[in-house]
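*Asks:* Build me a structure from this.
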Amino acid sequence: MPEIRMAQLGVKHGHAAGKMRAMQAQPGVELVGVYEPDAAVRRRAAEATGYAGVRWLASAEEALADASVVAIAIEGSNAESLAKAQRAVAAGKHLWYDKPAGDDWPAFQRLIADARERHLLVQMGYMFRYHAGFQQIARWAQDGVLGGIFSVRAHMSTFLPTTAGGFTAGSRADLAQHRGGIFYDLAGHMLDQVVWLLGRPQRVSAVLRNDATPDLPAFRDNTLGIFEYERALAMVDIAAMEVAPAARRFEVHGTAGSALMEPFEPAPRLTLQLNVAAGGYERGRHEITLPLQQRQHLYDRELAAFLASLQGQRPPDRSAEHELVVQETLLRATQGPGGG
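*Replies:* I've put the predicted structure just below:
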C-alpha cells in the first residue's frame, strides 16, 4: 500500500512526542512535518526526544492546503485542540485527534457531523483501546464470562506540577481553565472503557474538589465521577497529587465473576475470579500474564489501526457515535446536566 502523508498540528499535548515517534517509526506514514505557532514552545520541543530531525512547518496551511496530506495528528493543548481539529476537517483531512475533544459540546457535535458528511475518519486518542488487558476484560464482559455487569471502578490518578516545566501544557495551572480540572483531562480514558462496556449512562454526577492546590482555587485536583445505568454503576476517581508510581486500577464486577487489573500502566497481569466455569476457565481465581504494555506500544497500535481504517482494511475500532457519547459523558460530569 502507498504511504499515507501525515502532519502534526501542535506539540503542547502530553501525548504529542509519543505520537510523533509513532509516525516516525510507522512504515506506512510519510511525515510531512509539524506546526507549532508558539515560537518558545517550538524551540524547546525541537530539543526534545521525538522531534530530532523533524521538519518544522512555517504555517498550518503548509499541511492543510496540501491535497496530498491525507491525515492530521491534532496535538495542541486541551484549550487549542478543537479549533485545530475544525480547521483540519474543513480542509478535508482525517483526524488522529488527541483527547479530550474540547469544552464546547455543540462544536464537537458539528465537527463529527461535518466529518461524516465529508466521509472523514475522526479517531480519538484513547490509547488504552489498544491495551491487551483492557481488550481482554472487554471480551470477558461482552462474551458473558463475568455474567451481568453491575459495577465498573476505575482509578487513574497522577502527579502534576503546579506550573509547567517543559513545553507541554499539562500542569495544574494549565488545566485550571477547564471545568473539572484533572477529571476533564484524564477521565475520558476510563469513560472510553465504561461506554464501550455499558453504553450511555442514564444519570451522571460528580464530586470535583480542590484539596491540595490552594494557589489555584479554580483547579479541581481530587475528583470522582458516578455513572448510573439501569442495572449498573460505574465510578471513576482521579486525583492530581498521587505519589509516584501511580496505582492505576481498573475492575469490572459481574454476577458470575470479576476482573481486576492493577496497575494497568504498565500491566503485568490480570486477575480473573469466577464462581462458575466459563470462557475456558475453571471456577476460582486465575492470574493471566500480559505481554508488555508500554505507552509507546499503545501509540504505535493506535496509529496502525488508524491507517488500516483509512486504507479500507478494517472498520474503525470505535464508531463516531461512540466518540460522541464518550465526550458527552465527560462534559456531563464536568459541566453538569447541560454540559453535554
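*Asks:* Identify the residue nearest Y35 in space, chain neighbours excluded?
*Replies:* L57 (4.1 Å; CB to CB, 6 or more residues apart in numbering). All C-beta atoms are positioned from the backbone trio N, CA, C, and that covers glycine.
*Asks:* who's in contact with that neighbour?
*Replies:* 7, 32-35, 63 (CB atoms under 8 Å, 6 or more residues apart in numbering).
*Asks:* And the protein, split by domain according to the record?
*Replies:* 4-126+299-315, 132-292 (automatic domain parsing).
*Asks:* Could you dump the ones you listed into TSV and include mean pLDDT and distance to H322?
*Replies:* What follows is the domains of the chain, written out as TSV (pLDDT from 0 to 100; distance: least, CB to CB, whole Å):
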stretch	mean pLDDT	distance to H322
domain 4-126+299-315	97	9
domain 132-292	97	6
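*Asks:* quick one, which of those is nearest to A333?
*Replies:* domain 132-292 (4.3 Å; CB to CB).
*Asks:* tell me how far the ends of the closest one are from each other?
*Replies:* 9 Å (CA to CA, to the nearest Å).
*Asks:* Measure how far it is from the centre of its chain, please.
*Replies:* The chain centre lies 12 Å from the centre of domain 132-292; the measure is CA atoms, centre = their mean, to the nearest Å.
*Asks:* before we move on, back to that, now which of the contacts of L57 would you call buried?
*Replies:* 7, 32, 34-35, 63 (16 or more other CB atoms under 10 Å).
*Asks:* can you map out the helices along the stretch 1-150 of the chain?
*Replies:* All helices of the stretch 1-150 of the chain, identified by DSSP state H, counting those that start in this stretch, fall at 16-25, 39-46, 61-64, 81-90, 105-117, 132-142.
*Asks:* Pipe those into TSV and attach distance to R332 per row.
*Replies:* Output for these, formatted as TSV (distance: least, CB to CB, whole Å):
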stretch	distance to R332
helix 16-25	27
helix 39-46	32
helix 61-64	32
helix 81-90	17
helix 105-117	9
helix 132-142	22
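*Asks:* how close does S77 get to P106?
*Replies:* 21 Å (CB to CB, to the nearest Å).
*Asks:* I meant to write R332 there.
*Replies:* For R332 relative to P106 (CB to CB), the value is 14 Å.
*Asks:* Looking at those two, which one has more neighbours?
*Replies:* More crowded of R332 and P106, by other CB atoms under 10 Å: R332, with 23 against 8.
*Asks:* hang on, isn't the more buried one packed against E228?
*Replies:* No: counting by CB atoms under 8 Å, R332 stays clear of E228, with 11.3 Å between them.
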